[in-house]
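K.L.:
Quick one: sequence plus predicted model below, questions after.
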Protein chains: 2
Amino acid sequence: MSNIQDVAKHAGVSIATVSRVLNDSAPVKDEVRKRVEAAIEALSYRPNPAARSLRSNKSRIIGLLVSDIQNPFFMGLIRGVEDEALKNEYSVILCNSNESPPRERQYLDVLYMERVAGVIVVPTSENLGEETLKRFRERGVPIIAVDRRVKDPSIDAVLSDSIRGAHEAVGHLIANGYKRIGIITGPESVTTGRERLESYRQTLISAGIAPNSELERIGNFTIESGYALTEQLLDLTPRPDALFIANNMMTLGALNAIHARGLRVPDDVAIVSYDYTQWAEPGPVSITSVMQPARELGSTAALRLFQRLRNPEVRSRQEIILAPTLQIGDSSRSIEGSGAVAGAAGIAIKQT
Amino acid sequence: MSNIQDVAKHAGVSIATVSRVLNDSAPVKDEVRKRVEAAIEALSYRPNPAARSLRSNKSRIIGLLVSDIQNPFFMGLIRGVEDEALKNEYSVILCNSNESPPRERQYLDVLYMERVAGVIVVPTSENLGEETLKRFRERGVPIIAVDRRVKDPSIDAVLSDSIRGAHEAVGHLIANGYKRIGIITGPESVTTGRERLESYRQTLISAGIAPNSELERIGNFTIESGYALTEQLLDLTPRPDALFIANNMMTLGALNAIHARGLRVPDDVAIVSYDYTQWAEPGPVSITSVMQPARELGSTAALRLFQRLRNPEVRSRQEIILAPTLQIGDSSRSIEGSGAVAGAAGIAIKQT
DNA sequence: ACCAAATATGAAAACGGTTTCAGAGAACTT
DNA sequence: AAGTTCTCTGAAACCGTTTTCATATTTGGT
């Protein structure tokens, strides 16, 4: 392992000059730069990250803190971050908060200690902790929230439009003739959970249907909560004729619950999900689902992070919003004879 | 951020002593140790990982290099590693080789540069590169292969028993009356791919069925290859009456291909998979699958890694083999009227 | 009581970079 | 031609640990 000294010697310059070539941190004569670059090449020299990090208090590592590592949706997101990081020669430390704010806090501490250059986080709530954030800010470490927003005005966010996504989902159900539409959403403390609920209500209202709190259930994005809440909704009389479920895992739970009762989708109850991955075609029914561009969310967040790393002085917060798309399957098939069409209820829905 | 100097001052000792307390690297008087520990506590001091790593050429980070980050099976594995790392206060750098040996090589270089303390890898072939391995070895960085074996005798492996898994899978099909059993396996350069094929043949032979190379297809563990190879097998005349597919992603492809032809599982063709995740119950058929304990594979590998980190002098290679279990679903339902039962073919199969 | 051996501690060197500071030349002004 | 500015470069300090080496202190043996 050659070090900067070797390179300097080989090129006949001081280590300071080598460092400058390495980081473009000061002008270096073209001819000298060439020599240094040749030496680097010849010795296949790579700077020691630890030494770098020690002196500059920054590493070439970014932290990625997701809320559920086993959720296929986040897999895509992780993949997006990973790819972009590789391109930019950063490494990724992956952490799994498991939707637990304390664990999230703990991991943020770890990342702080590791001197990561930046953090991408799927926040478990709107609050990452003032104390924690202050420390990152002091060190100039940018934080990007992805998939969910965070209150702090210094934190960029990369999201898809939940209002629109939920609007399309619910509008689609209405257009297909469903009237008694239940929702299973996520915690109010998570922006996606709240916004999807809010948009669900708004969409119902603009279609002339009065929201009914009995039909609204709040889960925690797990299969189990999807199962339990679906049971509750199926117990209602009259039973809802459709469910809008705000994430993929809860949808899995819901499908299981529906199946366990011997009910059929969509005949007994229609389903529209969010981020549902159709793993294999030959499901009994394909599931209609709002799809967020998972991988793009990840790569965009990473891109924004690297932008900030290059331009640390940028002050203004940025919120990047990607468009979700409604993927239509059989789970929300039009009720026969309902004669309902999009627009009949006075809503224009773009269904791609 | 307090540093070791502050702690030393606070405790009235030298930084050397603090370091010794920190690492248990030399005896320290009990009374002094207490004082130092109190100081550490008081200042909530955490050693700077970069400085540590710089000096000792080791970090508190381990590298985890998986072959397909979007495969749910590996998600479980990652989760297992993650959990164990957290317990031991290590962080995990996650890398995705995407089944590409060059990319694997590249990532191993990155991990080497990052001075990771150890590496857990799902190898894309039996060869990680002599050069690369030598460097890690020189620095005393242990490498653990997981899910797949590697030739190098210095590398521990944590696996599940593919021979047995495939034997149970194929034996189960035979016992259920299937005669013309095709296989879609992984590359020969990957131990799991090879062993499952080998065991498939052996099992057929011991059941008195002659292996037929026409029925053997080698894919690359992707959905696409599963699709393509299934098409090939379905084109045969007579058509195979059952398929044993050596991984989950290829099974997804296979199911799609079967579905696309309007065929039914298991009536037209039976399926036994490997590591198939049944996401939602209400599939048309549940898929019979050999299940490897993904999470345990991960945590066991991590455990072994930390063992090695604590006892660097251990020389002997260890191979830890976990038992897979056959999870029986409808996709391999007994052929009606076949009257076949396990044992009839002279094989004793344990089906848990 | 004295010397040898064992134990506990501190001073200082190292690890490999980045960054500050000062100075040497080169390029412009006047 | 002399002064001024600008561009480039090198020496040396510094980041926060671990580790070596030397030394002070204690223990043990006789």
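P.N.:
On my side now, so go ahead.

K.L.:
For the helix or strand that contains residue A:272, the averaged confidence score.
P.N.:
Here residue A:272 is covered by strand A:270-274, with elements defined by DSSP states H and E. Mean per-residue pLDDT for strand A:270-274: 96.

K.L.:
for it, packing partners?
P.N.:
The helices and strands touching strand A:270-274, judged by 3 or more C-beta pairs under 8 Å, 6 or more residues apart in numbering or on different chains; DSSP states H and E, are helix A:162-175, strand A:242-245, helix A:248-260, strand A:288-291. C-beta: built from backbone N, CA, C; applies to glycine.

K.L.:
and the last one, what does it pack onto?
P.N.:
Meaning strand A:288-291. helix A:162-175, strand A:270-274, strand A:325-327.

K.L.:
and the strand holding residue A:272 with helix A:248-260, angle?
P.N.:
Here strand A:270-274 runs at an angle of 160 degrees relative to helix A:248-260 (axes from the mean of the first three to the mean of the last three C-alpha atoms, to 10 degrees).

K.L.:
which residues sit against stretch A:121-132?
P.N.:
A:63-67, A:74, A:77, A:97, A:99-101, A:104-105, A:108-109, A:112, A:143-152, A:155, A:187, A:189-191 (C-beta atoms under 8 Å, 6 or more residues apart in numbering or on different chains).

K.L.:
filter the residues you listed to the buried ones?
P.N.:
Among the contacts of stretch A:121-132, those classed as buried by neighbour count (16 or more other C-beta atoms under 10 Å in any protein chain shown) are A:63-67, A:74, A:77, A:97, A:99, A:101, A:104-105, A:108, A:112, A:143-150, A:152, A:155, A:187, A:190-191.

K.L.:
quick revisit: please narrow the contacts of stretch A:121-132 to those residing in strands.
P.N.:
Those of those mapping onto strands are A:63, A:64, A:65, A:66, A:143, A:144, A:145, A:146, per DSSP state E.

K.L.:
Which residues of chain A lie near DNA strand D?
P.N.:
A:12-17, A:20, A:26-29, A:32, A:51, A:54-55 (C-beta under 7 Å from any atom of the strand).

K.L.:
wait, what's in contact with the most centrally placed residue in chain A?
P.N.:
With distances taken as C-alpha atoms, centre = their mean, residue A:147 lies nearest the centre of chain A, 3.2 Å away. Residue A:147 makes contacts with A:77, A:122, A:158, A:159, A:160, A:192, A:292, A:297, as judged by C-beta under 8 Å, 6+ apart.

K.L.:
swap the cut-off to 10 Å and go again
P.N.:
Residue A:147 is in contact with A:66-67, A:73-74, A:77, A:121-123, A:157-160, A:162, A:190-192, A:275, A:292, A:294, A:297-298, A:301, counting by C-beta atoms under 10 Å, 6 or more residues apart in numbering or on different chains.

K.L.:
I figured residue A:189 hits residue A:221, correct?
P.N.:
No: with contact defined as C-beta atoms under 10 Å, residue A:189 does not count as touching residue A:221 (11.7 Å).

K.L.:
Quick check: which element contains whichever residue of chain A sits closest to DNA strand D?
P.N.:
With C-beta to the nearest atom of the strand as the measure, residue A:27 is the residue of chain A nearest to DNA strand D, at 2.7 Å. Following DSSP H and E, one finds residue A:27 outside all helices and strands.

K.L.:
returning to what we had before: just name the most buried of the helices and strands packed on strand A:270-274.
P.N.:
strand A:242-245 (a mean of 30; mean count of other C-beta atoms under 10 Å in any protein chain shown).

K.L.:
Tell me the gap between that strand and the middle of its chain.
P.N.:
Going by C-alpha atoms, centre = their mean, to the nearest Å, the spacing between the C-alpha centre of strand A:242-245 and its chain's C-alpha centre is 22 Å.

K.L.:
That one: partners in the sheet, and parallel or antiparallel?
P.N.:
Strand A:242-245 has its sheet partners listed here by DSSP bridges as strand A:181-185 (parallel), strand A:270-274 (parallel).

K.L.:
could you dump those strands to CSV with distance to DNA strand C?
P.N.:
Below are the strands paired with strand A:242-245 laid out as CSV (distance: least, C-beta to the nearest atom of the strand, whole Å):
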stretch, distance to DNA strand C
strand A:181-185, 46
strand A:270-274, 44
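
K.L.:
could you dump these to CSV with mean neighbour count and distance to residue A:205?
P.N.:
As requested, the strands paired with strand A:242-245 are exported to CSV (neighbours: other C-beta atoms under 10 Å in any protein chain shown; distance: least, C-beta to C-beta, whole Å):
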stretch, mean neighbour count, distance to residue A:205
strand A:181-185, 27, 12
strand A:270-274, 28, 18
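
K.L.:
Tabulate these in a markdown table, adding columns for distance to residue A:235.
P.N.:
As requested, these are exported to a markdown table (distance: least, C-beta to C-beta, whole Å):
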| stretch | distance to residue A:235 |
| --- | --- |
| strand A:181-185 | 11 |
| strand A:270-274 | 17 |
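
K.L.:
ok, which stretches of chain A are helices?
P.N.:
For chain A, the helices defined by DSSP state H cover A:4-11, A:15-23, A:30-43, A:49-56, A:72-87, A:101-113, A:130-139, A:162-175, A:191-206, A:223-234, A:248-260, A:294-310.

K.L.:
Could you tell me the least trusted of those?
P.N.:
Among these, helix A:130-139 carries the lowest mean pLDDT, at a mean of 89.

K.L.:
okay, the angle between that one and helix A:101-113?
P.N.:
Following the same axes, to 10 degrees, one obtains 20 degrees for the angle between helix A:130-139 and helix A:101-113.

K.L.:
Reformat the helices and strands packed on strand A:270-274 into TSV and put distance to residue B:171 next to each item.
P.N.:
Listed next are these as TSV, based on distance: least, C-beta to C-beta, whole Å:
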stretch	distance to residue B:171
helix A:162-175	46
strand A:242-245	40
helix A:248-260	30
strand A:288-291	39
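
K.L.:
can you tell which of those is closest to residue A:7?
P.N.:
Nearest of the helices and strands packed on strand A:270-274 to residue A:7, taken as C-beta to C-beta: strand A:288-291 at 49.2 Å.

K.L.:
Alpha carbons only: can I get the closest one in PDB?
P.N.:
What follows is strand A:288-291, C-alpha atoms only, in PDB (Å, rounded to 0.1, in the frame of the first residue of the first chain):
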ATOM      1  CA  THR A 288     -54.300  -2.300  -8.300                       C
ATOM      2  CA  SER A 289     -51.700  -0.200  -6.700                       C
ATOM      3  CA  VAL A 290     -50.300   3.300  -6.700                       C
ATOM      4  CA  MET A 291     -46.600   2.800  -7.600                       C
END
